[in-house]
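1. how would this look folded up:
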Amino acid sequence: MTTTEAPKPDLAAVKQRQQQAWASGDFAVVASRIVIVAEQLCDTADLRAGWHVLDVATGSGNAAIAAARHGATAVGVDYVPALLERGRIRAAAEGLDVQLLQGDAEALPFPESYFDAVTSVFGSMFAPDHEQAAAEILRVTRPGGTIALASWTPDGFIGELFRTVAKHVPPPAGVRSPMLWGTEAHLRELFGDGIASLEVKERTFTFRFTSPEEFVDFFREWYGPTLKAFDALEGEARDALYDALVALGQRSDRLRVDGAIAIPAAYTEAVAIKR
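-> Next up, the predicted model:
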């Protein structure tokens, strides 16, 4: 009996669609709500003043700006130019010197061992080639340097959000979930012998909205992957996705009162030292 292997996904095509998704909406609006995650990560990583720090898939620069606030020489890389420009505006407004460059998380435009620390906040986890993204982080970090990552967990709210959307708009076949980065086991598999230590702690960020409907409207307008999912549907199918996400917001709310909702979203904060 012969078996036929499933065709491997075209990761280059997947990345192109992802780039289009993140360029839609305006992730800077979402990023403005989760600034505290980047600030907390940089503090946990104990970034030192004078260090050369890279933030991968920086978006509008939350972690790069947080690193600069620690006195580091901060660089951020992302493949969405409009988000980088939003980050430059914010950095200038806060009087911080941050260099934000266009680049790919899977092909970082820097020499080997160039940075004292590398961070990524809900960024590298979305690279379609997990191994390549991890390898690039390792490559540009100096021996003894720090790697600090914040990643949504598979069983947390954002994981459930992605699963809910996937029931209505299936993701590309064969592409692994980005939420795997939110597990210690996957990080140990990705970084392997390249790291001397790894500490992982689960934290919670709370999304707050006036209603479940406002939660859906917010993600539909500003969060690229959700916006693109709605754009892929019409009529009753689009309404069904909306209703499913409203229901998700309702059951995820911890306040359980009429009116405003508070949704805990679990993520892992991982700090590793490169061997």
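2. Give me the phi and psi angles of the most centrally placed residue in the chain.
-> Most central residue of the chain, judged by C-alpha distance to the mean C-alpha position with Cα atoms, centre = their mean, is F122 at 1.7 Å. Dihedral angles of F122 (phi, psi; degrees, to the nearest 10) stand at phi 50, psi 40.
3. Please apply the same query to R86.
-> Torsion angles, degrees, to the nearest 10, at R86: phi -60, psi -40.
4. got it, and S197?
-> S197 adopts backbone torsions of phi -160, psi 160, taken as degrees, to the nearest 10.
5. Make 574 the first number, not 1, from now on.
-> In the new count, where the first residue is 574, that last one comes out as S770.
6. so what's it up against?
-> Neighbouring residues of S770 by Cβ atoms under 8 Å, 6 or more residues apart in numbering: 845-846. Using the backbone N, CA and C atoms, a C-beta is placed for each residue, glycine as well.
7. what does the one 4 residues further on give?
-> Neighbouring residues of K774 by Cβ under 8 Å, 6+ apart: 617, 841-843.
8. R848 too?
-> For R848, the contact set (Cβ under 8 Å, 6+ apart) comprises 716, 766-769.
9. ok, now E794?
-> Counting by Cβ under 8 Å, 6+ apart, E794 has contacts 598, 800.
10. Burial check on A622, number of neighbours?
-> 8 (other Cβ atoms under 10 Å).
11. From the contact counts, what lies against the longest helix along the chain?
-> When the chain is parsed with DSSP state H, its longest helix is helix 808-825. Where contact means 3 or more Cβ pairs under 8 Å, 6 or more residues apart in numbering; DSSP states H and E, helix 808-825 is packed against helix 730-741, helix 785-795, helix 797-804, strand 834-847.
12. Let's test this: mean pLDDT of it, rounded?
-> Averaged across helix 808-825, the pLDDT comes to 98.
13. and the helices and strands packed on helix 808-825 as JSON lines, adding mean pLDDT and distance to L814?
-> Output for the helices and strands packed on helix 808-825, formatted as JSON lines (pLDDT from 0 to 100; distance: least, Cβ to Cβ, whole Å):
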{"stretch": "helix 730-741", "mean pLDDT": "98", "distance to L814": "4"}
{"stretch": "helix 785-795", "mean pLDDT": "98", "distance to L814": "9"}
{"stretch": "helix 797-804", "mean pLDDT": "97", "distance to L814": "6"}
{"stretch": "strand 834-847", "mean pLDDT": "98", "distance to L814": "18"}
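14. Identify whichever of these lies nearest to G755.
-> Among the helices and strands packed on helix 808-825, strand 834-847 comes nearest to G755, with 4.8 Å by Cβ to Cβ.
15. ok so, going back, in strands only, show me the contacts of R848.
-> When strands are assigned by DSSP state E, the members of the contacts of R848 inside them are 716, 768-769.
16. contacting residues around stretch 730-749?
-> With contact meaning Cβ under 8 Å, 6+ apart, stretch 730-749 is reached by 579-582, 584, 586-587, 590, 701, 703, 725-726, 750-752, 755, 780, 792, 798-799, 802, 805-806, 810, 813-814, 817-818, 821, 825, 836-840.
17. which among those residues end up buried?
-> Among the contacts of stretch 730-749, those buried by neighbour count (16 or more other Cβ atoms under 10 Å) are 582, 584, 587, 701, 703, 725-726, 750-752, 755, 780, 792, 798-799, 802, 814, 818, 821, 825, 836, 838-840.
18. could you say what helices and strands the strand or helix carrying G649 packs with?
-> For G649, the host element (DSSP states H and E) is strand 646-651. The contact analysis (3+ Cβ pairs under 8 Å, 6+ apart) places strand 646-651 against strand 625-629, helix 635-642, helix 654-666, strand 671-675.
19. Apply 10 Å and report the result again.
-> Packing partners of strand 646-651 (3 or more Cβ pairs under 10 Å, 6 or more residues apart in numbering; DSSP states H and E): strand 625-629, helix 635-642, helix 654-666, strand 671-675, strand 688-694.
20. which stretch among those comes nearest E709?
-> Nearest of the helices and strands packed on strand 646-651 to E709, taken as Cβ to Cβ: strand 625-629 at 7.7 Å.
21. number of nearby residues for L771?
-> Using other Cβ under 10 Å, L771 has 15 other residues around it.
22. Same check on P744?
-> Look at P744: counted by other Cβ under 10 Å, it has 18 neighbours.
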